[in-house]
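K.L.:
structure, please.
(2 chains)
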Amino acid sequence: MLFSYLPILVMIGIATVMAIGALFMSFVFRPSNPYREKLSPWECGMEPVGDANTGHFRVHFFIIAILFIVFDVETLFLFPWAVILSEKALSAFIFVEMVVFIAILAVGLIYAWVKGALEWV
Amino acid sequence: MEQFFFYMFAIAAVVSAVLVISVRNPVHSAFYLIVCFLQVAAIYILLRSPFLAAVQLFIYVGAIMVLFLFAVLVLDIGREQFRERFHGQTVPALAAIAGLFVVMGILVVSGKITAPLGPFDEPALMKNTEVIGKSLYTSYIFPFEIVSILLLIALIGAVVLVMSGQGKENKG
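P.N.:
Just a heads-up that it's a prediction; the model follows:
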């Protein structure tokens, strides 16, 4: 049973090695010639003021994060549901059950939509 | 073989957990926390709980990390505050860790802490997710639907908080 997870581990290993290898090879081969203008966040345009990590982030991101979390949890509940959906005796009942579950969450999505929370001003 | 994989994931989990509290940049420590959670998910798979591993990936690596990163970005945490992270508590902390380590070692060696697979054989353990699904969607149908109401409340609460704050911003 555990052997069926081996391809996932191999894939994660290959991806990690490729990512680190690409970074390392470009570190070896790239020319190293830094100067102040090149290292600035924007080569043209406005001079940046202050640090990026001092909280200049819109609170609007929070709505997107909460939406993601809510529908993440919803997707999670679909897993055990999908596994037992093939049982004839249960399938109709639990199908309706999940439709109710998703409908209640859809109310939240429609509310956020109508309130304009999804619009990026 | 299984023990080799367990030690691999366990050592990676402990190393990344130590890195979480020792790197300076809060965003870097959040990423090390992702690594730690991934190792814990792998250990859940070794414990024959694939659904728990999926929960770990979806909720912790996905949702909780988004909230952590969001808090780090919004809460105005500069790097300066992290210089005073030891607070002179190193000695008591090390003593407490050593004490706990000794207690755990004694319990493990004397066989008081064991993690047997229980009276289930491999085929029974494979049906893990189906058993969870069956009891969740038949006996616990009411709590399950309550979960959706809770999520709805969280979503509407967040929308109300953010939108009312923006309204004030626009007026002022």
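
K.L.:
spit out the contact partners of residue B:101.
P.N.:
Residue B:101 makes no contacts at all, as judged by Cβ atoms under 8 Å, 6 or more residues apart in numbering or on different chains. In this view, the C-beta of every residue, glycine as well, is placed from N, C-alpha and C.

K.L.:
which other helices and strands contact whichever strand or helix holds residue A:96?
P.N.:
In the assignment (DSSP states H and E), residue A:96 maps to helix A:88-114. Judged by 3 or more Cβ pairs under 8 Å, 6 or more residues apart in numbering or on different chains; DSSP states H and E, helix A:88-114 is in contact with helix A:60-84, helix B:128-137, helix B:141-171.

K.L.:
can you redo those as JSON lines with mean neighbour count and mean pLDDT?
P.N.:
Formatted as JSON lines, the helices and strands packed on helix A:88-114 follow (neighbours: other Cβ atoms under 10 Å in any protein chain shown; pLDDT from 0 to 100):
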{"stretch": "helix A:60-84", "mean neighbour count": "18", "mean pLDDT": "87"}
{"stretch": "helix B:128-137", "mean neighbour count": "18", "mean pLDDT": "86"}
{"stretch": "helix B:141-171", "mean neighbour count": "14", "mean pLDDT": "81"}
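
K.L.:
ok, residue A:108 - how many residues close by?
P.N.:
Using other Cβ atoms under 10 Å in any protein chain shown, residue A:108 has 23 neighbouring residues.

K.L.:
so how far is the helix holding residue A:96 from its chain's centroid?
P.N.:
Centre-to-centre, helix A:88-114 and its host chain are 23 Å apart (Cα atoms, centre = their mean, to the nearest Å).

K.L.:
quick one: stretch B:46-57 to chain centroid distance?
P.N.:
Worked out by Cα atoms, centre = their mean, stretch B:46-57 lies 12 Å from the chain centre.

K.L.:
hey, C-alpha coordinates of the lowest-mean-pLDDT helix or strand in chain A in PDB?
P.N.:
The weakest-scoring helix or strand in chain A, judged by mean pLDDT, DSSP states H and E, is helix A:36-39 (a mean of 77). These are the backbone C-alpha positions of helix A:36-39, laid out as PDB (Å, rounded to 0.1, in the frame of the first residue of the first chain):
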ATOM      1  CA  ARG A  36      23.300  50.300  -7.400                       C
ATOM      2  CA  GLU A  37      20.900  51.000 -10.300                       C
ATOM      3  CA  LYS A  38      20.700  47.400 -11.300                       C
ATOM      4  CA  LEU A  39      19.900  46.300  -7.800                       C
END
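
K.L.:
chain center to that helix: distance?
P.N.:
32 Å.

K.L.:
low-confidence ranges, the chain, go.
P.N.:
Reading this off chain A. For chain A, applying pLDDT under 70 flags the ranges A:1, A:42-44, A:48, A:50-57, A:121.

K.L.:
sorry, I should have been clearer: chain B.
P.N.:
Across chain B, the ranges flagged by pLDDT under 70 are B:75-87, B:115-118, B:122, B:165-172.
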